[in-house]
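> Okay, here's the prediction I keep looking at, along with the sequence it came from:
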Amino acid sequence: MNEEKLRKLLQMFADSDLEELEIQHSFWRGTRVKLGRNRSQPTALQPISTTSSPRETPPVAAAEEVPLAATNEGTQTELHAIKAPMVGTFYRASSPEEDPFVREGDRVEPGQTIFVVEAMKIMNEIEADIRGEIVEILVGDAEPVEYNQPLVRIRPS
C-alpha cells in the first residue's frame, strides 16, 4: 500500500462513523491496516513521513525494570529480556505450518533460534544470547514489534 492510498484510507476513516476498520491482504503478510478510535477523544490525522535517513540512529530505550522470578529455593532471580533488534513482525515459527521454535517452559542455549522478526520481507532469525528457561513470551504470533521492545523473558541458568 503506497502513501497516497494510505492517506486516502485515513481520511475516509476520519470522515466516517466507523469505530474500527481492519484490512488484511496477505501474499506473505503484505498490507495489514487496523484502525480504531476512542470516541472520548477527538480524532486528528498526523502527518506521515515515509522517508528516513539511513544514518538515523534508533531511539535510546528507557531503563526498564526487570521483574524477579522465584526459584525452587525461594530466592529471587532477575529475568533476562530479549528485545527486538529492529521494527518488524514477530513470528514464533519459520512458517505457519511449522511448530514454534520455543514455548514457555522450554530450555534454550546461546545461539539457538527462538523466533523470527520479519523486516522489509527479510526473515531475521533471532537467537538466544544466554542459557536458561523461557518464562514468558510477551508478543503474539504475527504481531508488529518496535525496536528494543521486550519479546521474551528468560530465567538464566
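Arrived safely.

> Next one, pLDDT for Asn148 please.
Each residue has a pLDDT score; the one for Asn148 is 92.

> whoops, Gly36 was the one
The per-residue pLDDT reported for Gly36 equals 75.

> Next: the one 3 residues further on.
The predicted local distance difference test score for Arg39 is 54.

> next one: Leu21
In the predicted model, Leu21 carries a pLDDT score of 73.

> which non-adjacent residue is nearest it?
Closest residue in space to Leu21, ignoring its immediate chain neighbours: Leu35 at 4.6 Å, by CB to CB, 6 or more residues apart in numbering. Glycine gets a C-beta too; all of them are placed from N, C-alpha and C.

> Kindly tell me how buried the one you found is, as a neighbour count.
By the other CB atoms under 10 Å criterion, the neighbourhood of Leu35 contains 16 residues.

> what's the helix or strand for it?
Here Leu35 is covered by strand 32-36, with elements defined by DSSP states H and E.

> Show me what counts as buried in that strand.
For strand 32-36, the neighbour count (16 or more other CB atoms under 10 Å) marks Leu35 as buried.

> how close does the nearest residue to Glu143 once chain neighbours are set aside sit to Ala14?
For Glu143, the nearest residue in space outside its immediate sequence neighbours is Phe90; the separation is 5.4 Å by CB to CB, 6+ apart. Using CB to CB, to the nearest Å, we find Phe90 at a distance of 29 Å from Ala14.

> Also Leu21?
Counting by CB to CB, the gap from Leu21 to Ala14 is 11 Å.

> cool, and Pro156?
Separation of Pro156 from Ala14 (CB to CB) stands at 48 Å.

> residue ranges with poor pLDDT in this structure?
Counting by pLDDT under 70, the low-confidence segments of the chain come to 1-2, 25-31, 37-77.

> Going by residue numbers, what spans are helices in it?
If you assign secondary structure with DSSP state H, the helices in the chain sit at 3-15.

> correct me, but Pro110 touches Gly132?
No. Checked against CB atoms under 8 Å, the pair Pro110 and Gly132 is beyond contact range at 9.5 Å.

> Neighbour count: these two, which is higher?
Gly132 (20 against 10).

> if we can go back for a sec, out of Phe90 and Ala14, which sits in the busier spot?
Higher neighbour count among Phe90 and Ala14: Phe90, with 22 against 13, using other CB under 10 Å.

> Show me what the more buried one is bridged to.
With DSSP bridges applied, Phe90 shows beta-bridge pairing to Val117, Glu143.
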